[in-house]
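> No sequence on hand, only this structure:
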């Protein structure tokens, strides 16, 4: 299975490339192909130091969409709509959104678009044959990149197609100690996205770092 | 410290009375005082079987408010506003809301009132000298009552007054293995409340029971 990462040179994108490329063919996309190639080189070296083989290819964001079966949108919310407007070819693809619309005053709060969630907004921007799946929303960017540390978190997955949902849950369950949980249809993604500002508040007000969540 | 439980004869109320009365003076309120007295009798017997002493008093909801330093509103969302309209005397009290506005179609979803959350609605109904604190929102009713089982969960606490928040966090940290986390101001309570329908969905779609949450 080929996993494309749009925005694969950002913190979360690079971390996902590190964690996924030992098990899947990972296609790292960027607005600038040279950046994607450089990120893949860095990841390859890091993984080699750990004695891990990997499959990584650095390309443009469009190329990452074209080549992949599963496309992860590893971009901040404010870039999501502008980026998607520049890309085509999402037909029949599974599109994973780890995107959280968050604002901040004296605390972090959830600031969803009119569609109710980033995931629902993205679904509205893609062709009907694309299947959007909210996943990986509540994992701190830092944790993705710390290969020495287990990712011992729960991952809530929201999607309207059972087959696509299962494929994404299988990927999740293949990464470190992550455990995937079916959290219902895509319309329920707003709750999953909103947990991230809660975790940021808990980290901030309790002097913790990179707080994650487990369902027990 | 005296803890009053409005709606103390319901599932969550009775469970909280069981867990709190060995450590605090608990005043169980009900619309019908006789019911509150009966609930206290049942709790006392259950705790005696476990060899636990307790402090329990069954009274009317109004009496529970009047006597308590901390008032827990252990009532369903749909009864919250009607019940509060029948009660007075909240001045200077700490009022704890474990209330979650939830609706259900093919899945559970968060359905907050216009104020943004149950906690904010309640704040608007009480005198300014009352301090509302959202807490205990994400613990399944069943778990409260299973005294044999540790409550090994995280509890997010939202409140605008640091002193009141600390008092509630101290109570939480005194119950079983619960761990309290400062989750920011009361305006952030919507996220905490919304986790409950997510947990209900996860329980339902993954064939689990009484799912709770841990921040790690």
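Perfect, thanks for sending it. Just so you know, these numbers come straight off a predicted model, no measurement behind them.

> Ramachandran angles for the most centrally placed residue in chain A?
A centroid search over chain A (C-alpha atoms, centre = their mean) returns residue A:98, at 3.9 Å, as the residue closest to the centre. Per-residue torsions, residue A:98: phi -100, psi 20 (degrees, to the nearest 10).

> Kindly report the same for the one 5 residues further on.
With angles defined as degrees, to the nearest 10, residue A:103 sits at phi -120, psi 170.

> ok, how many other residues are close to it?
Neighbours of residue A:103 under the rule other C-beta atoms under 10 Å in any protein chain shown: 11. For every residue, glycine as well, the C-beta is placed using N, CA and C.

> separation between it and residue B:198?
Separation of residue A:103 from residue B:198 (C-beta to C-beta, to the nearest Å) stands at 21 Å.

> List the contacts of whichever helix or strand residue A:119 is part of.
Secondary-structure element containing residue A:119, defined by DSSP states H and E: helix A:118-125. Among residues not part of helix A:118-125, those counted as contacts by C-beta atoms under 8 Å, 6 or more residues apart in numbering or on different chains are A:73, A:77, A:80-81, A:84-85, A:95, A:97, A:99-101, A:112-115, A:130, A:132-134, A:158, A:186-187, A:189-190, A:193.

> likewise stretch A:193-206?
The set of residues that contact stretch A:193-206 without belonging to it, under C-beta under 8 Å, 6+ apart, is A:99-102, A:107-110, A:112, A:117-119, A:134, A:137-138, A:140, A:156, A:208-213, B:156, B:181-184, B:188, B:190-192, B:194-195, B:198, B:215.

> tell me which residues in it are buried?
Within stretch A:193-206, the residues scored as buried using 16 or more other C-beta atoms under 10 Å in any protein chain shown are A:193-205.

> Can you pick out the most distant pair from those?
In terms of C-beta to C-beta, the buried residues of stretch A:193-206 reach their longest pairwise distance at A:193 and A:205, which sit 20.1 Å apart.

> and chain A, which residues reach chain B?
Residues of chain A lying close to chain B (C-beta under 8 Å from any C-beta of the partner chain) are A:106-110, A:152-153, A:156, A:181-185, A:187-188, A:190-192, A:194-195, A:197-199, A:201-202, A:204-206, A:208, A:211-216.

> Now, those that are in strands?
Using DSSP state E, the subset of the residues of chain A next to chain B located in strands is A:108-110, A:156, A:181-182, A:213-215.

> what would these look like in a markdown table with neighbour count and pLDDT?
Conversion of those to a markdown table gives the following (neighbours: other C-beta atoms under 10 Å in any protein chain shown; pLDDT from 0 to 100):
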| residue | neighbour count | pLDDT |
| --- | --- | --- |
| A:108 | 22 | 98 |
| A:109 | 22 | 98 |
| A:110 | 21 | 98 |
| A:156 | 28 | 98 |
| A:181 | 22 | 98 |
| A:182 | 19 | 98 |
| A:213 | 25 | 98 |
| A:214 | 15 | 98 |
| A:215 | 21 | 98 |
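
> and the helix or strand of chain A with the lowest mean pLDDT, which residues are buried?
Among the secondary structure pieces of chain A, namely its helices and strands, helix A:141-145 has the lowest mean (mean pLDDT, DSSP states H and E), a mean of 91. When neighbours are counted by 16+ other C-beta under 10 Å, the buried residues of helix A:141-145 are found to be A:141, A:143-145.

> picking that back up, for the helix holding residue A:119, give the mean pLDDT please.
Model confidence over helix A:118-125 averages 98 on the pLDDT scale.

> after that helix, next one along is what?
On the C-terminal side of helix A:118-125, the nearest following helix or strand under DSSP H and E is strand A:131-134.

> Okay, now the sheet partners of that following strand, with direction.
Applying DSSP bridges to the sheet, strand A:131-134 is found paired with strand A:94-97 (parallel), strand A:154-159 (antiparallel).

> Contacts for that strand next, please.
Among residues not part of strand A:131-134, those counted as contacts by C-beta under 8 Å, 6+ apart are A:93-98, A:117-119, A:122-123, A:126, A:156-161, A:164-165, A:168, A:186, A:189, A:192-193.

> now chain A, which segments are flagged as low pLDDT?
Low-confidence segments of chain A, defined by pLDDT under 70, are absent.

> which residues in chain A form helices?
In chain order, chain A shows helices spanning A:11-20, A:33-49, A:61-67, A:77-85, A:118-125, A:141-145, A:162-173, A:189-205, with DSSP state H as the criterion.

> Is it possible to get JSON lines of those that adds distance to residue B:63?
Compiled in JSON lines, the helices of chain A are given as follows (distance: least, C-beta to C-beta, whole Å):
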{"stretch": "helix A:11-20", "distance to residue B:63": "54"}
{"stretch": "helix A:33-49", "distance to residue B:63": "65"}
{"stretch": "helix A:61-67", "distance to residue B:63": "65"}
{"stretch": "helix A:77-85", "distance to residue B:63": "50"}
{"stretch": "helix A:118-125", "distance to residue B:63": "47"}
{"stretch": "helix A:141-145", "distance to residue B:63": "50"}
{"stretch": "helix A:162-173", "distance to residue B:63": "51"}
{"stretch": "helix A:189-205", "distance to residue B:63": "35"}
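
> How far away from the center of its chain is stretch A:11-27?
Averaging C-alpha positions (C-alpha atoms, centre = their mean, to the nearest Å) puts stretch A:11-27 10 Å from its chain's average.

> make that stretch A:119-134, sorry
Per C-alpha atoms, centre = their mean, the displacement of stretch A:119-134 from the mean C-alpha position of its chain is 14 Å.

> what comes up buried for that stretch?
Residues of stretch A:119-134 classed as buried: A:119-123, A:125-126, A:130-134 (neighbour count, 16+ other C-beta under 10 Å).

> How far does that stretch stretch from one end to the other?
Looking at stretch A:119-134, the gap from its leading to its trailing residue is 6 Å under the measure C-alpha to C-alpha, to the nearest Å.
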